[in-house]
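**Student:** Sequence and predicted structure are below.
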Amino acid sequence: MKSFNGRVAAITGAASGMGRALALALAREGCHLALADKNSQGLEQTSALIKTSTLAPVLITTQVLDVSDRQAMEDWAARCAADHGQVNLVFNNAGVALSSTVEGVDYADLEWIVGINFWGVVYGTKAFLPYLKASGDGHIVNTSSVFGLFAQPGMSGYNATKFAVRGFTESLRQELDLQRCGVSATCVHPGGIRTDICRSSRIDANMTGFLIHSEQQARADFEKLFITDADQAAKVILHGVRKNKRRVLIGRDAYCLDLLARCLPAAYQALVVTACKRKRPDLQSIRFSTGINCD
């Protein structure tokens, strides 16, 4: 897919961050948009931004949506096809974060993050795939994370979902290549992107005194790791779609951690533990991040 002009893209998590940036970038290229998010106010803001900043006449539809609701996702996919006549691209971009120890994490929190980060991708892929095939020229873009390549302590639920998205999408891409059906797939692995994920994340109390000083400090430290803006991330993703890439890395931190995991696929874990200890030797005030310098 070399051009997005006249195509139709469905985007989840479109109320802010990378979802909003993707919507704006696609609209500037004449792509029609079906936007979804749980945040109705953010969706309205995204739609308004597109209308005021884009000269190309594009059709925009919006849907307040919980991506972890399979029936809602299937209904939205059918509505997109009916409203727009076709669907060519789907960006399964919605995601949340959860910080907790394995021992202390509540099952309800694990079900919450798996429902959004993994099942949301599965539901979006399966709901839209028949419409993408019918279009004759489609592309599925699933958002994993650099932490779908590289694990860290205190983020087991997040790591698990992002590793799952990676495996799911890589398998999907191979099936689509074999089918030669006109549809392809790309897995996206962003590093630290300046989005709202920090504010929507859940941090369990068991992290205090183990990997963080306090929830407030953890969120502040987390924000410092966001080194790439969402507009640049969207640009990289769309370039990856044009090049039909199987994997897209975003940010120098993503490239750094990917290289470390490739070179030291098992030993990197010990390095992360060592980095944490050196950052806070008393083990009662270790920072939320691994402290690995990627510059």
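**Tutor:** Perfect, thanks for sending it.

**Student:** all helices in the stretch 151-295 of the chain, in order from the N-terminus.
**Tutor:** Here the stretch 151-295 of the chain has its helices, by DSSP state H, counting those that start in this stretch, at 156-179, 197-200, 215-224, 230-242, 252-263, 268-279.

**Student:** can you redo these as a markdown table with distance to residue 127 and mean neighbour count?
**Tutor:** C-betas here are computed from N, CA, C, even on glycine. Shown next, in a markdown table, are these (distance: least, C-beta to C-beta, whole Å; neighbours: other C-beta atoms under 10 Å):
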| stretch | distance to residue 127 | mean neighbour count |
| --- | --- | --- |
| helix 156-179 | 14 | 18 |
| helix 197-200 | 23 | 16 |
| helix 215-224 | 32 | 15 |
| helix 230-242 | 19 | 19 |
| helix 252-263 | 28 | 17 |
| helix 268-279 | 36 | 15 |
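
**Student:** Residue 104 is nearest to which of the ones you listed?
**Tutor:** Evaluated over the helices of the stretch 151-295 of the chain, closeness to residue 104 peaks at helix 156-179, with 10.5 Å, by C-beta to C-beta.

**Student:** I'd like the average pLDDT over that closest one.
**Tutor:** Helix 156-179 shows a mean pLDDT of 97.

**Student:** contacting residues around that helix?
**Tutor:** Helix 156-179 is contacted from outside by 97-102, 105, 109-110, 113-114, 117-118, 121-122, 125, 140, 142-145, 147-149, 151-152, 183-187, 189, 246, using C-beta atoms under 8 Å, 6 or more residues apart in numbering.

**Student:** Centre-most residue in this structure?
**Tutor:** Central residue of the chain (C-alpha atoms, centre = their mean): residue 143, 3.4 Å from the mean position.

**Student:** Might you report the residue contacts of that residue?
**Tutor:** So residue 143 contacts 13, 18, 91, 92, 93, 95, 121, 165, 188, 190 (C-beta under 8 Å, 6+ apart).

**Student:** For it, report the pLDDT, please.
**Tutor:** 97.

**Student:** if I look at it, how far off is residue 93?
**Tutor:** Residue 143 sits at a distance of 5 Å from residue 93 (criterion: C-beta to C-beta, to the nearest Å).

**Student:** Mutual contacts of these two, please.
**Tutor:** Common neighbours of residue 143 and residue 93, using C-beta under 8 Å, 6+ apart, are 13, 18.

**Student:** quick revisit: so which of the helices of the stretch 151-295 of the chain comes closest to residue 32?
**Tutor:** helix 230-242 (15.2 Å).
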